[in-house]
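In: give me a model of this one.
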Amino acid sequence: MLKSLEDLSPTKKRLKIEIPAEDIEPEIQKALMDVQRRSKLPGFRPGKAPISMIEKKFGREIEAEVLEKIVPEYYIKAVKEADITPVSMPIPEESFDFKRNLPLSITVTVEVRPKVENLNYEGITVKDIPVEVTEEDIEKVLKNIVEERATYESSEAKVEMRDLITIDYTAKDDGTAQKDVVLKVGSGPYPEEFFDSLVGKKRDDEFEVEADFPVELESPFAGRRLKFDIKIKEVKKRNIPLLDDDFAKDIGFENIGQLRDKINDNMLASKNKEAERTKQKELMDKLIDMHEFEVPEGLVNAEISAVIGEIRAAGKDARTDEVLAEEIKPHVKKSVKASILLELIGDKEGITTNEEEMKQEILNIAQRFYVSPENVVKYYTAKDGSLDGLKRSVFEKKVLNFLLDKATVMD
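Out: Got it, this is the predicted structure:
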């Protein structure tokens, strides 16, 4: 039972818990008798060894097992009695000294979700975002579609940007030589100066090129100025298909009109989602500004560690962990604050997630990233150790949608 609750800060509490001896001893006796039934000690028939011998041989081990079971149960009861929501594992302040037939006293500190006074989320105003798909939008998508399906054919014509060419080259300064290098003129780890020298040449031309390779370029020649002997072995020109009904049929539509309608629908859905996210962000920013409270330091530190871990895995930043932590801490604190507010509002409104919603979210993610639902589950399980992170994401989306429904949308 809870003996006392001490406020160390708005997000940290000290709990003193006492477990009565009469709740511990029966569990120990029950465990001793269970071990007695299963034991085979020399000189005694199976299950007939005296309980005193069982206690002498297995007593300490049994006591540890009983305490391992009963202490968490009493901790959970104490948390409910204290009316707090832990956000971290409890930390014992000292090792407890257990003695048989005496109460067990435990003192722990734990970080908790802060209580937010005057929680207000009704009628927050957000700006409406008009959504429109123009003919220009559709034409751009159509252009991309036909260009993606372009084929390349050998040509005797001169090289132009976006042609596909095959070359042999030798870097004269260090002797590096490569044969049958295929590159798309205008893209890849080469500077603009290098590509410009190729334009206007044709198959079988041999010539010299000199170019500066910027330091930031992902090339073995980065940071150097080099001369190259180059021979063009093949030039391929893009053959862009004609945008007509036959093209539409080739990619699964009845005609070009149906293809345009599908593009319009997809773009409209995408723009609506983006508008929704923008309104949700505005709403969340205002909700955070309306409520001032301290956030649990442990949650902030854990999130900072996770973000830095992702940065390190991507190899994107060479700065020290300390410098990165200082930079991202304000953003992380804001994120944790938002998460706490959504959780409080969701609890107050009785918003929950169910198994069907989880399945649908997994399916949506799988379709968006072209992977199987099983791989989505594996990813989140490997990342978080469970699907709790994904479940929280679904929950927060539901709360945000609930808040947006209650918001006042201004033109």
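
In: give me the phi and psi for Ile91.
Out: The phi and psi values for Ile91, taken as degrees, to the nearest 10, are phi -110, psi 120.

In: that one and Val110 touch, don't they?
Out: Yes - the pair Ile91 / Val110 is scored as a contact, 7.0 Å apart, by Cβ atoms under 8 Å. Every residue, glycine included, has its C-beta placed from N, CA and C.

In: so between those two, which is more surrounded?
Out: Using other Cβ atoms under 10 Å, the more surrounded residue of Ile91 and Val110 is Val110, with 24 against 13.

In: looks to me like the more buried one is in a helix.
Out: No - the assignment for Val110, made by DSSP: H, G, I helix; E, B strand; the rest coil, is strand rather than a helix.

In: contact partners for it?
Out: Applying Cβ atoms under 8 Å, 6 or more residues apart in numbering, one finds that Val110 lies in contact with Lys12, Lys13, Leu15, Val79, Ile84, Pro86, Ser88, Met89, Pro90, Ile91.

In: check this structure for its longest strand and report it.
Out: Secondary structure assigned by DSSP state E gives strand 224-239 as the longest strand of the chain.

In: now for that strand, which elements pack on it?
Out: strand 151-154, strand 164-171, helix 192-198, strand 206-213 (3 or more Cβ pairs under 8 Å, 6 or more residues apart in numbering; DSSP states H and E).

In: with distance to Leu363, mean neighbour count and mean pLDDT added, can I get the ones you listed in a markdown table?
Out: A markdown table is the format used below for the helices and strands packed on strand 224-239 (distance: least, Cβ to Cβ, whole Å; neighbours: other Cβ atoms under 10 Å; pLDDT from 0 to 100):
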| stretch | distance to Leu363 | mean neighbour count | mean pLDDT |
| --- | --- | --- | --- |
| strand 151-154 | 35 | 11 | 91 |
| strand 164-171 | 38 | 18 | 94 |
| helix 192-198 | 44 | 17 | 93 |
| strand 206-213 | 46 | 14 | 93 |
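
In: ok, now which ones touch Tyr152?
Out: The contact partners of Tyr152, by Cβ under 8 Å, 6+ apart, come to Leu164, Lys236, Lys237, Arg238, Asn239.

In: tally of neighbours for the second one?
Out: Same thing as Lys236. 16.

In: before we move on, the earlier item: so which of the contacts of Tyr152 is the closest to Val399?
Out: For the contacts of Tyr152, the minimum distance to Val399 (Cβ to Cβ) is 49.2 Å, reached by Arg238.

In: wait, isn't the closest one in contact with Arg162?
Out: Yes - counting by Cβ under 8 Å, Arg238 touches Arg162, with 6.3 Å between them.

In: how near is the closest residue to Phe213 other than its chain neighbours to Asp196?
Out: In space, and not counting its chain neighbours, Phe213 is closest to Phe221: 4.3 Å by Cβ to Cβ, 6 or more residues apart in numbering. Distance of Phe221 to Asp196, given as Cβ to Cβ, to the nearest Å: 17 Å.

In: please apply the same query to Lys231.
Out: For Lys231 relative to Asp196 (Cβ to Cβ), the value is 18 Å.

In: again with Ile240
Out: Relative to Asp196, Ile240 is positioned 23 Å away (Cβ to Cβ).

In: again with Asp384
Out: Taking Cβ to Cβ as the measure, Asp384 falls 50 Å from Asp196.

In: same check on Ser393?
Out: Relative to Asp196, and taking Cβ to Cβ, Ser393 is found at 48 Å.

In: cool, and Glu156?
Out: Distance of Glu156 to Asp196, given as Cβ to Cβ: 21 Å.

In: skip ahead from the longest strand of the chain and say which helix or strand is next.
Out: Sequence order places helix 245-250 as the next helix or strand after strand 224-239, per DSSP states H and E.

In: so for that next one, mean pLDDT?
Out: In this model, helix 245-250 has an average pLDDT of 93.

In: a markdown table for the contacts of Tyr152, including distance to Val66?
Out: Formatted as a markdown table, the contacts of Tyr152 follow (distance: Cβ to Cβ, whole Å):
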| residue | distance to Val66 |
| --- | --- |
| Leu164 | 74 |
| Lys236 | 77 |
| Lys237 | 81 |
| Arg238 | 76 |
| Asn239 | 78 |
